[in-house]
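Asks: need coordinates for the following:
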Amino acid sequence: MPEIIKFDDPVVLVGGGEVDVELLRKYTHLPIVAADGGANLLRKTLIKPTVVIGDLDSLEDVGYWREVARVVELEEQDTTDFEKCLYSVEAPCFIAFGFTGNRMDHTLAALHVMQKWHLEKPVVLIGGDDVVCVKSSAIELNLPVGTRLSLYPLNKITFASSSGLKYPLKNLMMQTGKLIGTSNSCVESCVKIVPSSGEGCYALILPVSELKNVVQAIYTGAVRTI
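Replies: Sure thing, here's the model as predicted:
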């Protein structure tokens, strides 16, 4: 395992997929970690990462990057560059750009990694019009009334209760192939979701406009830094 790189603030991860550059620029005051070819995009936008991590098979001009940033080369091929970044970096939470794009397999791979690491590495993944995080515990969010909110079970999970949602979740069991929770909506500005303890985990999906609210919900210190 590589030496762990530690940050006190939330970390922005940038992959090689499609990135909303204008949204990314709002977070350039935070440490930025490029996942392999994600550094190529950053070079074009003149955004400088603190660290570049990956097997470097997609990184253009490795010599340039070794001069301007810390480069961590990990040759193992059992994980994606996204996961390499997560297990190499310690931070309160991660905001991930460029790990979905137009390829469904990339999106599924990212969700797989988030599910695997969700207890240790809280991630908010940005993809197109949505943001997603993976939780197995309760979450409380401040959201505008009318906000679309979807829940997707990553394995069998029962919700003990909820508040602030149009369609309550009390004693509701979700499981792929049986019941999922897409296209719910907020009827109050404070929303709380409480799963039963000791069960599975779920993906929480919200519009990208609520990125800050989601980050603040998974990391209370974010209100001071994002």
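
Asks: which helix runs longest in this structure?
Replies: For the chain, the helix reaching the highest residue count under DSSP state H is reported as helix 104-117.

Asks: can you pull the contacts of residue 133?
Replies: Contact criterion C-beta atoms under 8 Å, 6 or more residues apart in numbering gives 114, 122, 123, 124, 125, 203, 204, 214, 218 as the residues in contact with residue 133. Bear in mind the C-beta positions are built from the backbone N, C-alpha and C, glycine included.

Asks: hey, where'd the helices end up in this protein?
Replies: Taking DSSP H as the criterion, the chain contains helices spanning 21-25, 38-45, 62-68, 81-88, 104-117, 211-218.

Asks: how about these in a markdown table, adding mean pLDDT, mean neighbour count and distance to residue 148?
Replies: Supplementary listing: the helices of the chain in a markdown table, determined by pLDDT from 0 to 100; neighbours: other C-beta atoms under 10 Å; distance: least, C-beta to C-beta, whole Å:
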| stretch | mean pLDDT | mean neighbour count | distance to residue 148 |
| --- | --- | --- | --- |
| helix 21-25 | 96 | 13 | 18 |
| helix 38-45 | 95 | 20 | 28 |
| helix 62-68 | 92 | 12 | 39 |
| helix 81-88 | 96 | 24 | 26 |
| helix 104-117 | 92 | 17 | 18 |
| helix 211-218 | 95 | 20 | 13 |
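
Asks: could I get the ones you listed as TSV with distance to residue 198?
Replies: Shown next, in TSV, are the helices of the chain (distance: least, C-beta to C-beta, whole Å):
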stretch	distance to residue 198
helix 21-25	37
helix 38-45	36
helix 62-68	44
helix 81-88	24
helix 104-117	16
helix 211-218	20
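
Asks: how about the ones you listed, which one is nearest residue 169?
Replies: Closest approach to residue 169 among those (C-beta to C-beta): helix 211-218, 16.4 Å.

Asks: which helices and strands sit right next to the closest one?
Replies: Contacts of helix 211-218 with other secondary structure elements, assessed using 3 or more C-beta pairs under 8 Å, 6 or more residues apart in numbering; DSSP states H and E, are made with strand 123-127, strand 130-135, strand 139-142, strand 202-207.

Asks: who does the last one pair up with?
Replies: Which is strand 202-207. Applying DSSP bridges to the sheet, strand 202-207 is found paired with strand 130-135 (antiparallel), strand 148-153 (antiparallel).

Asks: from those strands, which stretch is densest packed?
Replies: Each of those was assessed for mean neighbour count using mean count of other C-beta atoms under 10 Å. The highest is strand 130-135, with a mean of 22.

Asks: reformat the strands paired with strand 202-207 as JSON lines; add mean pLDDT and distance to residue 160.
Replies: Output for those, formatted as JSON lines (pLDDT from 0 to 100; distance: least, C-beta to C-beta, whole Å):
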{"stretch": "strand 130-135", "mean pLDDT": "97", "distance to residue 160": "13"}
{"stretch": "strand 148-153", "mean pLDDT": "98", "distance to residue 160": "14"}
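
Asks: cheers, nothing more for now.
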